[in-house]
Structure formats: C-alpha cells, structure tokens
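J.: Sequence plus the predicted model coming up.
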Amino acid sequence: MSQYNEVMFFRRERPKTLTVPDRIATLRTAGFTVSEPSGNVVRATRGDCAADLNLSSGTLIAEGRAGILVGNDIGVLVDGGYQKFFRTPKGIKKPATAQELEDLHNFEEDLREALGLTSLYNESLGTVSTYYQYDRVQDRDRGVPRRVWE
C-alpha cells in the first residue's frame, strides 16, 4: 500500500520565467538574427523581414508591427484596397510582392511562437496590414469636405 501512496502524489513543475537573454537566445535558435540592444530596443531580422522589440518591461514586446527592411527602416504593410505596399516612417513606398507577403506572414508567426506570445486566429489566416486606405478621396479625413453645390 505504501508504494501506491508514493505514486499518487505528483509534483507539477513550476513554470520557468524566461529572462530577456533567454528569449534572445530562443530567437537566435529559431533562425532570427538579433541585433545588440540600442537603448531599450533590439531588432530581430530574418531575410528581408524585421521587427523592433522593446526591452523596457523586462520581456520582449513588439515595438510596432513587423515589416520589410527598406534601407535601415522597417516598411509596414499598407492596404490601399487596390494594392498592398510597404511604407517606411520616412514616407518611402514599395509595392508588396506575393513572396514578400508570404515571408512576412511566416516571420510574424515564427516570431510570436519564439517569444511565447498568443497566436490569434484572424492573424493566422494571413498577413495583417498596419494601415488600411481603401479610398483615394483627397482630404477625406479632414472634417466635412467642401461640397460642390455650395
């Protein structure tokens, strides 16, 4: 009877809290290139895809959305309704190719998995744009437009 009592009590392992160096090592083993920290930000890259990660909270959190490297800047995905393109903070626009969209989607999924983040269903279906600009109406976001008949 005593041997059964010993088997009945199981110890559950305590979850290990990963530190920032542990997460960076996980990213590197997952095939990402991680830059040296500059301030509170590190850049994770793989191929032409990149994302800036913030270190300030003690964990790695995405600073913005992932995108494609255009020079030293990260161009985020913009859906113009008629076409998808990448736009950098400096305003440079680059049309998105199907291969770049596929690479970006795989990059974001692998990055989320390596960081231990939740993968949302709608984001797993395809690439999510940062901005949506479906119409090309000039000044549509600047209040009520001047009406032709006035």
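T.: Done, it's in. Numbers count the residues shown, from 1 in each chain.
J.: need the helices for the chain, in chain order.
T.: Across the chain, reading from the start of the chain, the helices by DSSP state H fall at 2-8, 20-29, 98-115, 121-125.
J.: Highest mean neighbour count out of these?
T.: Comparing these by mean neighbour count (mean count of other CB atoms under 10 Å), helix 98-115 ranks first with a mean of 17. C-beta here means a position set from N, CA and C on the backbone, and glycine is covered the same way.
J.: who does residue 74 bridge with?
T.: In this structure, residue 74 bridges to residue 69 when assessed by DSSP bridges.
J.: distance of it from residue 148?
T.: The span separating residue 74 from residue 148 equals 41 Å under the rule CB to CB, to the nearest Å.
J.: Between those two, tell me which one has more neighbours.
T.: Neighbours of residue 74 and residue 148, each counted by other CB atoms under 10 Å, are more numerous for residue 74; the result is 22 against 5.
J.: Might you report the residue contacts of that one?
T.: Each residue near residue 74 by CB atoms under 8 Å, 6 or more residues apart in numbering is listed here: 50-52, 64, 66-68, 88.
J.: Just the ones of these in strands?
T.: Members of the contacts of residue 74 lying in strands (criterion: DSSP state E): 50-52, 67-68.
J.: Would you mind listing where this protein has pLDDT under the threshold?
T.: Within the chain, the set of residues satisfying pLDDT under 70 comprises 1-10, 57-63, 121-128, 130-142, 145.
J.: just the ones in strands among the contacts of residue 74 now: which is nearest residue 101?
T.: Checking the ones in strands among the contacts of residue 74 against residue 101 with CB to CB, the nearest one is residue 68 at 9.5 Å.
J.: From what I see, that closest one and residue 50 are in contact.
T.: Yes. Here residue 68 reaches residue 50: they are 7.5 Å apart, a contact under CB atoms under 8 Å.
J.: rewinding a little: as a markdown table, the contacts of residue 74 with distance to residue 99 and neighbour count would be great.
T.: Below are the contacts of residue 74 laid out as a markdown table (distance: CB to CB, whole Å; neighbours: other CB atoms under 10 Å):
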| residue | distance to residue 99 | neighbour count |
| --- | --- | --- |
| 50 | 16 | 24 |
| 51 | 18 | 23 |
| 52 | 23 | 17 |
| 64 | 22 | 13 |
| 66 | 16 | 26 |
| 67 | 15 | 26 |
| 68 | 11 | 23 |
| 88 | 19 | 18 |
